[in-house]
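*Asks:* below: sequence and its predicted model.
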Amino acid sequence: MSETKSEAREYVPPVIKAEELDPKFKYKMSKIHGAEKVMVCFQCGTCTADCPIARFSEFYRPRRIARMVQLGLKDRLLLDKALWLCSSCFTCVDHCPQGVEIAGIVRVLRNMAVAEKNILPLVYKELATNLMKSGFVYEIPESRLQKRVEQGLPPLPKPNVKEVMKIFEVTGSADLLEKVQTFAKVESR
Amino acid sequence: MSNPKYLLFPGCVIPYRLSSYEISARKVLAKLGVEIVEMPEYNCCGYPMDVINHELMLTLAARNLCIAEKVGLPIMTLCNGCFCSLNETNKLLKEDKRLREKINGYLKEVGMEFKGTIEVKHLIYVLSEDVGYEKIKNAVTKPLAGVRVAQHSGCHVLRPRKYVGRDDPENPTTLKELIRLTGAECLDYMDETECCGNPIIGVNEDVPFQMAKEKLDHVRAVGAQALITVCPFCHIMFDLNQPRIERAFNEKFNLPVLHYPQLLGLAMGFPPEELALNELRVKPTELLNQIK
């Protein structure tokens, strides 16, 4: 191949192999809250056209996510870091003519990526760690708490950290977080 | 009619870095006769944990709801994110018996049970529905005539429609109406309902910066002197991050971003220092000189 060839010519579309497809995946997804209606998506593309993230990213396409769920491309979906670009603005949810909750589907897939592929962006692990330690997702320094009172605000109620930790344990979240591999950033183009 | 009484849910990010929002909100609410009760032993609303485990989010939110049920008062949030998770969880658990039983199974481990006896409201709906436009109008003693601002309501105070179901997400009017009561002009601009981008800033900065820059462009294009927000995350994106956005795109915006209760507070005659206006990153000097 010569180097002078244009990029467009060298582009090889990703081939989907039949063995990659999990035909039962869409049924499994349809049973999970938030993703119930994924099968009625008819690929009109309203979600992508109205998605503020898609406008500025070359990868993130909500319609593509819905189609990949229908096809059963589970591993590709769960391992694709673009999944973490959705900002949960819910524009797609409100605009879908079929009532498909695309942002709900993204949430279900993210939960699945954490539980089955053990991956999570670093920022969420940090927030969760703070939450387990302090009851808040940000560890509020003592100086801040003091400043509040100086500014005339009532003292911040002390969270019940024991109960918060218990909730992480009984929902299985503490174990999930123990296992996850984190990654720092997601490219958008 | 007796005065509205609410448990205030400050969340995490407001006590962490945006006390200015809480200070100004408490000031105007007190003067408008809204009684505030402190929320005992609350924890994070759960919203940021939804990406990890939906049931974890629901249970963390439900724990806060149980505390409010025990006190017997509705919750008022200042943050759109807190409103999103607390309101959605409240509605889901009220409607879905099976889900309620499951979450109650987890809550039992901390000695709690969700019963579904309270409501969750965001500040702007407390103002529009409980206090009422008439009362707010009467409390405005120093109308901000000649001041031109634009509003950014943010996403979760409007969407998803099926859980919020108050203002029209396509053409929101609540915050605009609240702004007009102060005597200021509220300008329309392009793509008003677009997201600020902040929720993904922890994984990618390029996209949120472009989103916020575009919003600042549109707000500037109509000649607004300030942008008004009602969510700490939106506020951080447009105020705290504004110098970074300016550097990234080699542009100068110098657009002050006020929490709505700061704007209302000025119109109610509070001096700027009582509304923590000095804590804003982009100083609203010109605006304050104008209304002196």
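*Replies:* Perfect, thanks for sending it. Numbering: from 1, shown residues only, chains lettered A, B, ... in the order given.

*Asks:* let me know the pLDDT of the closest residue in space to A:V40 that isn't next to it in sequence.
*Replies:* Distances taken as C-beta to C-beta, 6 or more residues apart in numbering or on different chains place A:Q98 nearest to A:V40, at 4.8 Å, with adjacent residues excluded. In this view, the C-beta of every residue, glycine as well, is placed from N, C-alpha and C. Reading off the confidence values, A:Q98 has pLDDT 98.

*Asks:* and what of B:Q225?
*Replies:* Per-residue pLDDT puts B:Q225 at 98.

*Asks:* so it makes contact with B:L287?
*Replies:* Yes. Counting by C-beta atoms under 8 Å, B:Q225 does reach B:L287; the two are 5.5 Å apart.

*Asks:* now the common contact residues for those two.
*Replies:* Shared contacts of B:Q225 and B:L287, defined by C-beta atoms under 8 Å, 6 or more residues apart in numbering or on different chains, are found at B:147, B:256.

*Asks:* what about the longest helix seen in chain A, near chain B?
*Replies:* If you go by DSSP state H, chain A has its longest helix at helix A:102-116. Yes. Using C-beta under 8 Å from any C-beta of the partner chain, helix A:102-116 reaches chain B at A:103, A:107-108, A:110-111, A:114-115.

*Asks:* buried stuff in that helix?
*Replies:* A:102-115 (16 or more other C-beta atoms under 10 Å in any protein chain shown).

*Asks:* now render those residues as a markdown table, adding pLDDT.
*Replies:* Shown next, in a markdown table, are the buried residues of helix A:102-116 (pLDDT from 0 to 100):
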| residue | pLDDT |
| --- | --- |
| A:I102 | 98 |
| A:A103 | 98 |
| A:G104 | 98 |
| A:I105 | 98 |
| A:V106 | 98 |
| A:R107 | 98 |
| A:V108 | 98 |
| A:L109 | 98 |
| A:R110 | 98 |
| A:N111 | 98 |
| A:M112 | 98 |
| A:A113 | 98 |
| A:V114 | 98 |
| A:A115 | 98 |
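
*Asks:* between those, which is nearest B:Q262?
*Replies:* A:A103 (31.0 Å; C-beta to C-beta).

*Asks:* is it true that the closest one touches A:D94?
*Replies:* No. Under the criterion of C-beta under 8 Å, A:A103 makes no contact with A:D94, lying 9.6 Å away.

*Asks:* need the overlap of contacts for the two.
*Replies:* With C-beta under 8 Å, 6+ apart as the test, A:A103 and A:D94 both reach B:P160.

*Asks:* once you drop chain neighbours, what's closest to the residue of chain B found nearest chain A?
*Replies:* Per C-beta to the nearest C-beta, B:G202 is where chain B lies closest to chain A, at 3.1 Å. Of all residues not flanking B:G202 in the chain, A:V123 sits nearest, at 3.1 Å (C-beta to C-beta, 6+ apart).

*Asks:* in which helix or strand does the one you found reside?
*Replies:* helix A:122-134 (DSSP states H and E).

*Asks:* B:E170 belongs to a helix?
*Replies:* No. Checked against DSSP: H, G, I helix; E, B strand; the rest coil, B:E170 lies outside a helix; its state is coil.

*Asks:* for the chain, just list every one of the strands.
*Replies:* Let's take chain A. A:119-121, A:181-183 (DSSP state E).

*Asks:* that's the wrong chain, I meant chain B
*Replies:* Remark: strands assigned in chain B by DSSP E are B:5-9, B:35-38, B:75-77, B:120-122, B:148-152, B:185-186, B:226-229, B:257-259.

*Asks:* the fifth one near chain A anywhere?
*Replies:* Right, the one you point to is strand B:148-152. No. Against chain A, strand B:148-152 shows no contacts by C-beta under 8 Å from any C-beta, the least distance being 12.3 Å.

*Asks:* enumerate every residue touching residue 176.
*Replies:* No chain specified, so I'll use chain A. A:L176 neighbours (C-beta under 8 Å, 6+ apart): A:114-115, A:118, B:52-53.

*Asks:* oops, I was thinking of chain B
*Replies:* Applying C-beta under 8 Å, 6+ apart, the residues near B:K176 are B:151, B:186.

*Asks:* count of neighbours near the residue of chain A found nearest chain B?
*Replies:* Here chain A gets closest to chain B at one residue, A:V123, 3.1 Å apart by C-beta to the nearest C-beta. Taking other C-beta atoms under 10 Å in any protein chain shown as the neighbour definition, A:V123 ends up with a count of 18.

*Asks:* on that earlier part again, and the contacts of A:L176, which two are the farthest apart?
*Replies:* Top of the distance list for these (C-beta to C-beta): A:N118 and B:N53, 12.8 Å.

*Asks:* have a look at these two and say which one is more surrounded.
*Replies:* Shown here are A:N118 and B:N53; by other C-beta under 10 Å, B:N53 has more neighbours (23 against 14).

*Asks:* which strands and helices sit next to the longest helix of chain A?
*Replies:* Contacts defined by 3 or more C-beta pairs under 8 Å, 6 or more residues apart in numbering or on different chains; DSSP states H and E place helix A:102-116 against helix A:62-71, helix A:74-79, helix A:91-95, strand A:119-121, helix B:54-71.
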